[in-house]
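Colleague: Based on what follows, work out the 3D shape:
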Amino acid sequence: MKLFLRRDKSDESSRFVVSDECGRDIYKICGKKGACVDRMALINTKGDTLLKVIFAPFSFFTICNISTPSEHFSLFINGYKNTDYKFYGVDWNILKSSDGLSFEIINNDKSVVMIQSISRASSDLALTLEIFDSSKDLFCVAVCACVNMLNLDGIKSAATVNL
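Modeller: Numbers count the residues shown, from 1 in each chain. Below is the predicted model of the structure:
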């Protein structure tokens with residue numbers, strides 16, 4: 001399954017929009033910024049909340065709690081430049097590439113769950129999410145949102161990268 005994640009600044013509560021290969025928006029990630037945390041929700045086109053994310057940035061680490069009514073896990077991101085990732089509640093690891101925007105989520109058995117890469121296929125710069133475990137697609141989208149919340153300008157500045 002291939003999805004595209006792009007930054008959405010259409011209103012104060014919007015964070016990201018997720019579209020399919022045909023360009024149709026299928027999910028929206030909205031949030032409410034609090035004093036210390038950003039509470040986000042992944043919403044489908046009908047307006048149903050599919051999962052919730054609590055994004056809590058601190059000085060030297062960030063915690064993302066991702067949950068549905070039936071599952072829950074946390075992502076701890078260490079380091080000022082989001083260099084070290086640790087999952088609790090799921091057996092995933094993140095392998096980040098040198099460009100800072102591309103990474104892979106892998107299981108402990110070394111099978112690839114998802115790959116995030118920069119997409120230049122459309123005029124609207126987006127991040128491509130290739131999800132290989134369709135049962136965890138919503139969680140993959142939420143992890144990408146958490147990782148990319150730390151570098152909101154990273155998606156915008158990626159357009160100037162020459163390959």
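Colleague: so residue 144, which of the three states?
Modeller: Look at residue 144: counting by DSSP: H, G, I helix; E, B strand; the rest coil, its state is helix.
Colleague: I'd assumed residue 115 was in contact with it.
Modeller: No - checked against CB atoms under 8 Å, the pair residue 144 and residue 115 is beyond contact range at 10.4 Å. Placement of C-beta: from N, CA and C, glycine included.
Colleague: The two: which is more packed in?
Modeller: When residue 144 and residue 115 are compared for neighbours, residue 144 comes out ahead with 22 against 19, by other CB atoms under 10 Å.
Colleague: any idea how far residue 19 is from the residue sitting nearest the centre point of the chain?
Modeller: Nearest residue to the geometric centre of the chain (CA atoms, centre = their mean): residue 144, 1.5 Å. Taking CB to CB, to the nearest Å as the measure, residue 144 and residue 19 are separated by 13 Å.
Colleague: Quickly note the distance from residue 76 to residue 140.
Modeller: Distance, residue 76 to residue 140, by CB to CB: 17 Å.
Colleague: all strands for this structure, in order.
Modeller: Secondary structure of the chain by DSSP state E: the strands cover 2-7, 14-19, 25-33, 38-44, 49-57, 61-67, 72-78, 84-88, 92-96, 103-107, 112-119, 126-131.
Colleague: Where does the prediction get shaky in the chain?
Modeller: Where the chain drops to pLDDT under 70, the residues are 80-83, 100, 119-125, 151-163.
Colleague: on that earlier part again, list residues touching both of residue 144 and residue 115?
Modeller: Residues touching both residue 144 and residue 115 by CB atoms under 8 Å, 6 or more residues apart in numbering: residue 129.
Colleague: what sits against residue 22?
Modeller: The contact partners of residue 22, by CB under 8 Å, 6+ apart, come to none.
Colleague: same thing with residue 77?
Modeller: 61, 62, 63, 64, 84, 85, 146, 147, 150 are the contacts of residue 77 under CB under 8 Å, 6+ apart.
Colleague: 10 Å instead?
Modeller: Counting by CB atoms under 10 Å, 6 or more residues apart in numbering, residue 77 touches 55, 57-58, 60-64, 83-86, 94, 146-147, 149-150.
Colleague: Residues in a beta bridge with it, which ones?
Modeller: Note on residue 77: beta-bridge partners by DSSP bridges are residue 62, residue 85.
Colleague: And it, how far from residue 148?
Modeller: Per CB to CB, residue 77 is found 11 Å from residue 148.
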